[in-house]
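J.: next come a sequence and a model predicted from it.
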Amino acid sequence: MTGRVASIALNTFREAIRDKVFLTLLVFAILVMGSARVIQPLALGEESKVIQDLGLSAITLFCVLIAVLIGGRLVYKEVEKRTIYIMLARPVRRWEFILGKYAGLMAVLAASLVVMTVGFYLVMFITGTPASAYLLWSLLMTFFELAILTATAILFSTFVTPIASSVFTFAVYFVGHLTRDLRLLAAMSPSPVVKVVSQVLYYVLPNLSNFNIRGEVVHDVVLNPEALALAIGYALLYTATLLLISTLIFSRKDF
Amino acid sequence: MAVVTDPVISTVKLSKVYRSGIGMRLVSALVDVTFDVGRGEIFGFLGPNGAGKTSLIKILIGLARPTAGNALVFGRQARDAQVKARVGFLPESPYFYEYLTATEFLRLSAGLAGVPGSEVAGRVNSLLKLVRMEASAGVQMRGFSRGMLQRIGIAQALVGDPELVILDEPMGGLDPVGRKEFRDIIVGLRDQGKTVFFSTHILADVEMICDRVGIIINGRMVNIGGLGDILSDDVQAYEVTVTGLTGKFRKVLERVGDSAIRSGDALLVTVPDDAGVDRVMAIVREAGARVQAIVPRKRTLEDHFMAHVGGKRGA
Ligand SMILES: Nc1ncnc2c1ncn2[C@@H]1O[C@H](COP(=O)(O)OP(=O)(O)OP(=O)(O)O)[C@@H](O)[C@H]1O
Ligand SMILES: [Mg+2]
């Protein structure tokens, strides 16, 4: 079993790193971080905080783009190009296929995170910005946020087109950062329809703001380890649920 | 119909109905298809475009579920992973991961088929040789021609050393040399005791190598059996070659046959049955001409095929 999941994951990884979209994003991310050099003189006083925040935000944004754009067509493309036939004609169970695809893209994201982080620390080194390892906590949380987002993209990818899947996943990403406002909306809106809808969305959509600790790490605020552990546990559970639903949908399909 | 002992494939009243298009119109791709394929057979699955060949194969591979009926492979449900480990499959007009090289792809296929790691390299190399693709082994498949993809497709179908090989139009995109090589590969597989099931709409492929054929038309298996069985119960025609005819008798003879072709002094008359031959002989005797040859023309598979297709389409 593990062998087959690993084979599919490796194939997914290869596909991504030989993909123009991915390479373009990676190059672009590194250019953006390099541009911190250009911005530096503009930011008075707080320049090191600005560079740190910009770098962390850029890394997160580009990884989200990779997860959403590549994740959105991960399963669909195999169906569309009919490569799914030779996959599923093998003794590969449907959940192994979904898990392999997922693991492959997570490996791509992990590799991208590492590459971008190295680039980021290089930029900080060159610009003479104090480069504390404390910032890495934020990137770790980004990784778990990506875990949820990739699973979301895969779920959509099992039943809608890549473009729709990417759009929906982006929507989940944005609203996922506003879940607190959703609860507020549910509490304050006079309309019962709005109340119910925002309540449902609050419970169904992932709460992604827990994974944003950029402000804290940049400003050296002490982190709450319990909150982090809870967020990670939440990410694992949420991801497992999404993958399970994806497998259920995928298993019912005929090709 | 011969009874198959020890069937490798066994279907009972298999039906497949698709819903498609705007009003979700129902399309019956398979209607009560029942047949068996025995161990060690080369079974040709013959039918015109849209007959339901691919639909049936997808069910045998476990890619799709039948609407009704049952399909067993090695006595188990086709979707069973243990079954799939014993089956090699080549899809119709195959398309593989274009960003992989041929070697990378075959390694991936070997991994998924459960080939032990130590045997993968050897297996991949010998298959590349078998399908004559060694020269392109390290090239990304995005540039491959259809025939090259077909060759790699055959290699990947065989990579797990399967007992049963199911091929959907394996000759598609192959040149005449490629077809010959492919027939040799199939016969080689049978010699190793494997069972081969392949679909085609090219009759010559089937006539040369198949032990049995099944003919599917409009989703129904209209005929199944050894080639001899299928062909012998057909009406035969006779071709009579006559020489030494004079103008008047030539005209008469031309009207007696279904068709008549002049070739210099000789006339080739085609008649449908014995009575036709007798009529021709009578005229020949009266004319004082000579019969050079009487050739019974067995119906070819092609005639058979056309008769069925024509009948169904006309209906
Ligand atoms: N996914 C599908 N949805 C709707 N109809 C389908 C689907 N797949 C096949 N059909 C219909 O089922 C019938 C049989 O198709 P199938 O592909 O099995 O034929 P085939 O014998 O393989 O033809 P060919 O020789 O052209 O490959 C056709 O009428 C086809 O339009
Ligand atoms: Mg077909």
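T.: The structure has been received and is ready for your questions. Ligands and ions are numbered 1, 2, ... in the order given.
J.: CA only for contacts and neighbour counts going forward, please
T.: Fine.
J.: and for residue 29, the neighbour number?
T.: Went with chain A since none was named. 23 (other Cα atoms under 10 Å in any protein chain shown).
J.: actually, chain B is the one I wanted.
T.: The number of residues near B:A29, taken as other Cα under 10 Å, comes to 20.
J.: so it is in which element?
T.: Per DSSP states H and E, B:A29 falls inside strand B:25-38.
J.: what's that strand packed up against?
T.: With contacts defined as 3 or more Cα pairs under 8 Å, 6 or more residues apart in numbering or on different chains; DSSP states H and E, strand B:25-38 has these neighbours: strand B:7-20, helix B:53-61, strand B:220-226.
J.: change it to 7 Å
T.: Judged by 3 or more Cα pairs under 7 Å, 6 or more residues apart in numbering or on different chains; DSSP states H and E, strand B:25-38 is in contact with strand B:7-20, strand B:220-226.
J.: residues contacting stretch A:176-195, please?
T.: A:196, A:198-199, A:202, A:205-209 (Cα atoms under 7 Å, 6 or more residues apart in numbering or on different chains).
J.: quick one: the strands in the stretch 51-200 of chain A, in order.
T.: For the stretch 51-200 of chain A, applying DSSP state E, counting those that start in this stretch gives no strands.
J.: what parts of the stretch 1-150 of chain B come near ligand 1?
T.: Residues of the stretch 1-150 of chain B lying near ligand 1 by Cα under 6 Å from any ligand atom: B:18-20, B:29, B:48-55.
J.: out of the residues you listed, who has the most neighbours?
T.: B:K53 (26 neighbours).
J.: and that one, what does it touch?
T.: B:47, B:199.
J.: just the pLDDT at it, thanks.
T.: Note on B:K53: pLDDT of 95.
J.: same question, A:T239
T.: A:T239 is given a pLDDT of 97.
J.: flag every buried residue along the one helix or strand it maps to.
T.: Secondary structure assigned from DSSP H and E places A:T239 in helix A:225-251. Under the neighbour-count criterion of 16 or more other Cα atoms under 10 Å in any protein chain shown, helix A:225-251 has A:228, A:231-232, A:234-236, A:238-240, A:242-244, A:246-247, A:250 buried.
J.: roughly how far out does it sit from the chain middle?
T.: Distance, stretch centre to chain centre, for helix A:225-251: 13 Å (Cα atoms, centre = their mean, to the nearest Å).
J.: over to stretch A:87-96?
T.: Worked out by Cα atoms, centre = their mean, stretch A:87-96 lies 26 Å from the chain centre.
J.: re the thing from before, tell me what the helix holding A:T239 is packed against?
T.: helix A:94-127, helix A:136-157.
J.: so of these, which one's packed in deepest?
T.: With neighbours taken as mean count of other Cα atoms under 10 Å in any protein chain shown, these reach their highest mean count in helix A:136-157, at a mean of 25.
J.: could you tell me the angle between that one and helix A:225-251?
T.: 20 degrees (axes from the mean of the first three to the mean of the last three Cα atoms, to 10 degrees).
J.: contact partners of helix A:136-157?
T.: Helix A:136-157 has contacts (Cα under 7 Å, 6+ apart) with A:60, A:64, A:67-68, A:71-76, A:102, A:106, A:165-166, A:169, A:208, A:211, A:213-214, A:217, A:232, A:235, A:238-239, A:242-243, A:246.
J.: and the helices and strands packed on helix A:225-251, which one's lowest on average pLDDT?
T.: Among the helices and strands packed on helix A:225-251, helix A:94-127 scores lowest, at a mean of 92.
J.: so is stretch B:184-200 next to chain A?
T.: No: Stretch B:184-200 does not reach chain A (Cα under 7 Å from any Cα of the partner chain); its nearest approach is 15.0 Å.
J.: rebuild the contacts of stretch A:176-195 as a markdown table, extending it with pLDDT.
T.: Formatted as a markdown table, the contacts of stretch A:176-195 follow (pLDDT from 0 to 100):
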| residue | pLDDT |
| --- | --- |
| A:V196 | 85 |
| A:S198 | 84 |
| A:Q199 | 83 |
| A:Y202 | 85 |
| A:L205 | 90 |
| A:P206 | 91 |
| A:N207 | 89 |
| A:L208 | 91 |
| A:S209 | 90 |
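J.: buried subset of the residues you listed as a PyMOL selection?
T.: Only the buried members of these enter the following PyMOL selection, criterion being 16+ other Cα under 10 Å:
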select buried, chain A and resi 198+199+202+205+206+207+208+209
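J.: of the contacts of stretch A:176-195, which is the nearest to B:R250?
T.: A:L205 (89.9 Å; Cα to Cα).
J.: residue of the stretch 101-250 of chain B nearest ligand 1, please.
T.: The stretch 101-250 of chain B approaches ligand 1 most closely through B:H201 (6.5 Å), counting by Cα to the nearest ligand atom.
J.: give me phi/psi at that residue?
T.: Backbone torsions for B:H201, taken as degrees, to the nearest 10, come to phi -120, psi 20.
J.: show me the shaky parts of the chain.
T.: By default, I'm working from chain A. Scanning chain A for pLDDT under 70 picks out A:1, A:36-46.
J.: that answer is for a different chain, and I need it for chain B
T.: For chain B, the ranges with pLDDT under 70 are B:1-3, B:231-235, B:298-305, B:308-315.
J.: in the stretch 151-300 of chain B, which spans are helices?
T.: Assigned by DSSP state H, counting those that start in this stretch, the stretch 151-300 of chain B shows helices spanning B:176-191, B:203-209, B:227-232, B:247-256, B:274-287.
J.: tabulate those helices in TSV, adding columns for mean neighbour count and distance to B:S10.
T.: What follows is the helices of the stretch 151-300 of chain B, written out as TSV (neighbours: other Cα atoms under 10 Å in any protein chain shown; distance: least, Cα to Cα, whole Å):
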stretch	mean neighbour count	distance to B:S10
helix B:176-191	16	19
helix B:203-209	16	21
helix B:227-232	16	20
helix B:247-256	15	49
helix B:274-287	15	41
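J.: got the domain ranges for chain B?
T.: Using automatic domain parsing, the domain parsing of chain B gives B:7-229, B:235-298.
J.: point out the most buried one among those domains.
T.: Counting by mean count of other Cα under 10 Å, domain B:7-229 has the highest mean neighbour count of these, with a mean of 19.
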